[in-house]
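**Student:** need a 3D model of the sequence below.
(2 chains)
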There are 2 protein chains.
Amino acid sequence: MDTHDLGEFWLIQRLRDKLPAADPRLVVGPGDDAAVWQNGDAYTLATTDTLVAGVHFLPERVAWRDVGWKALAVNVSDIAAMGGTPSFALVTLCLPEDIAVEAIDELYDGLRECAEAYGVTIAGGDIVSSPVFAITIALNGEADAANGGGPAILRRGAARAGDVIAVTGPIGGSAGGLRALLDRRNDGIARELIARHMRPWPRLDAGRAAVDAGIRCAIDISDGLVQDLGHICDASGVGAEVRVDALPFDEALLRAYPDDATTLAASGGEDYELVLVAPEAAIKDAEERLGSTLPIIGRIVEGAGVVVLDAAGNHIDLPKAGWDHLAQAHQP
Amino acid sequence: MDTHDLGEFWLIQRLRDKLPAADPRLVVGPGDDAAVWQNGDAYTLATTDTLVAGVHFLPERVAWRDVGWKALAVNVSDIAAMGGTPSFALVTLCLPEDIAVEAIDELYDGLRECAEAYGVTIAGGDIVSSPVFAITIALNGEADAANGGGPAILRRGAARAGDVIAVTGPIGGSAGGLRALLDRRNDGIARELIARHMRPWPRLDAGRAAVDAGIRCAIDISDGLVQDLGHICDASGVGAEVRVDALPFDEALLRAYPDDATTLAASGGEDYELVLVAPEAAIKDAEERLGSTLPIIGRIVEGAGVVVLDAAGNHIDLPKAGWDHLAQAHQP
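**Tutor:** Predicted coordinates:
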């Protein structure tokens, strides 16, 4: 049997079962946005993400500078989704023989811009030969201890029936940008969407405001809103209802792809906004700390799985459930 | 210009120059075996290494279990070369569509064996699609503070003229194992050498004994003794003389490839023994702590570069200076 028949999430579970007993300092192991372990009086966070040419981006259609930005940004987003602060990164470059030095220079320019924007120090890494270009970043971060003990972080498994679901900003723009790249569109609105896709701005500010407001459940939108919310439901043992009419659609998406906006916003992925799950009062508290609105898009219910509802409360079936990097191999 | 024309070390230097100002907690940035940053009263170490199928190993000739072992072991060796203790690892798998689940199961078995042998907890990771198999591990570790302040670690840049050069064990066995794989040898001695190549045992014990003995300069033998010693010379602003007749040759290498033993031991790489550089008294102290001998193979001198001498003190030119992963692209 091939691994791609099983899919990413099945394989992760299978491999997780093979791991030896963990160091007792480990607080969060595989299966959340980042690992967390105790580190004296505080906590260390650690995450890693990879971009492979032709799988996660189209090298002939995007700027290397943007690839560099995105490679680090997707890792910063994982730290944001845990409510932490990023610190030190290791960068691994897998380089084919024919890649130009100028491409790598531009890649590093984008990497540096993102590192400066988010206060990340690139502390080391590795460079190896490979038939295909890939960049892997491992990023450490930090979280404080909570008043009641344990780390003050955002987990996937902390959703409770009765909680509301909020998002930290417009969604669907990144999926619109990917569509624009595939459509080879180059008008102004397409470029705006492509920037959303290649230059995401992780929501460190929102993650920290959420932690400070006492929120304890979040995920970043990488696989797609519905699928990522499904991860929260699986980890928490609850269900979720999402109202399509409450979704904060990306404005450029609505103008460029009005007919597909719902699907792209609900299932497209890579927005790198956060989904926050908490009692409504905590969401209001976080809004005040953040100084911006956190639209409520649904609620957590007893049961399992994510249900998408239209304005009239009827179920909607979306054509695509999300983004499984293995099941959709080689789709950019 | 292609990156492969420049070579790995030139490219690392070029990219290092592009990095933004570092967090003041960073003690060791790019250019040593691992990064080091301050972490309260102690220090965090971090390193990452990648194995790419067809570049760093031949998937059709080696066991996946051994690939899993080696992928973690090479990272543990970087922590050993800093005198630290490994702690938590993140594992990234780049998987082609046609890879069998059984292969990944075996890979994880080897990974688990190495994690258990060295007390490493696998805390998370990432799985992505890729045209070529690769495994990247990012490993964190720990070091104590030294009595005089700063971390108690082993650096590349701490060699001084008058120091002696010692190694922690037999060398050349791994290069002999690679030769045996390329020769498709399958006799008993070949299997012994292949085990040296695919199942290296990093010298955490020796790294820690060295730190406790007050030694402050080391590197692990990954690129090859002469090249790795050259990294120490470059970082320290010194030269080195190595006596071939003092090298502790791997016994199986001498039996399997007697004519090429000198070249393979001096330049072959991937032994993952440590090179220690210190005053002779500190080496003796480390020997006592370790309970085994640390053969002295040469000395540090004023100047630059590594000179290899025969028993009569004459210079020897070795056919291959070392192992540059970019200049030797696609060589396993």
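
**Student:** from now on I want contacts and neighbour counts done on CA atoms only, so please keep to that.
**Tutor:** Will do.

**Student:** which residues in chain A form strands?
**Tutor:** Under the criterion DSSP state E, strands of chain A are mapped to A:26-28, A:35-39, A:42-52, A:85-95, A:121-129, A:134-143, A:164-167, A:217-220, A:239-243, A:274-278, A:296-301, A:305-309.

**Student:** what's the most buried one of those?
**Tutor:** strand A:217-220 (a mean of 30; mean count of other Cα atoms under 10 Å in any protein chain shown).

**Student:** tell me what that strand is packed against?
**Tutor:** Here strand A:217-220 touches helix A:64-81, helix A:225-236, strand A:274-278, going by 3 or more Cα pairs under 8 Å, 6 or more residues apart in numbering or on different chains; DSSP states H and E.

**Student:** would you mind telling me which of those is nearest B:E241?
**Tutor:** helix A:64-81 (41.9 Å; Cα to Cα).

**Student:** and the closest one, what does it pack onto?
**Tutor:** strand A:42-52, strand A:85-95, helix A:101-118, strand A:134-143, helix A:188-198, helix A:204-212, strand A:217-220.

**Student:** how distant is it from the center of its chain?
**Tutor:** Distance of helix A:64-81 from its chain centroid, counting by Cα atoms, centre = their mean, to the nearest Å, is 9 Å.

**Student:** check contacts around A:R155.
**Tutor:** A:D32, A:M82, A:R216, A:C217, A:A218, A:I219 (Cα atoms under 8 Å, 6 or more residues apart in numbering or on different chains).

**Student:** nope, A:W37 is what I was after
**Tutor:** Neighbours of A:W37 in contact, by Cα under 8 Å, 6+ apart: A:R25, A:L26, A:V27, A:V28, A:Y43, A:T44, A:L45.

**Student:** quick check: the third one vs A:P151, distance?
**Tutor:** So that's A:V27. 8 Å (Cα to Cα, to the nearest Å).

**Student:** residue ranges with poor pLDDT in the stretch 1-150 of chain A?
**Tutor:** Low-confidence segments of the stretch 1-150 of chain A, defined by pLDDT under 70: A:1-8.

**Student:** beta partners of the closest residue to A:R243 other than its chain neighbours?
**Tutor:** Of all residues beyond its chain neighbours, the one nearest A:R243 is A:L309 (4.9 Å), with distances taken as Cα to Cα, 6 or more residues apart in numbering or on different chains. As for beta bridges, A:L309 partners with A:R243, A:H315 under DSSP bridges.

**Student:** picking that back up, of the contacts of A:R155, closest to chain B?
**Tutor:** A:D32 (8.5 Å; Cα to the nearest Cα).

**Student:** was I right about the closest one contacting A:R156?
**Tutor:** Yes - at 6.3 Å, A:D32 counts as touching A:R156 under the criterion of Cα atoms under 8 Å.

**Student:** higher neighbour count, these two?
**Tutor:** A:R156 (26 against 22; other Cα atoms under 10 Å in any protein chain shown).

**Student:** for the more buried one, what are its contacts?
**Tutor:** A:R156 touches A:D32, A:D33, A:C217, A:A218, A:I219, A:H231, A:I232, A:A235, A:S236, counting by Cα under 8 Å, 6+ apart.

**Student:** out of those residues, who's nearest B:N39?
**Tutor:** Closest approach between the contacts of A:R156 and B:N39, by Cα to Cα: A:D33, at 22.6 Å.

**Student:** how about the nearest residue to the residue of the stretch 101-250 of chain A found nearest chain B, chain neighbours excluded?
**Tutor:** Nearest residue of the stretch 101-250 of chain A to chain B (Cα to the nearest Cα) works out as A:G124 at 4.3 Å. Here the nearest residue to A:G124 in space, its sequence neighbours aside, is B:P30; by Cα to Cα, 6+ apart that works out to 4.3 Å.
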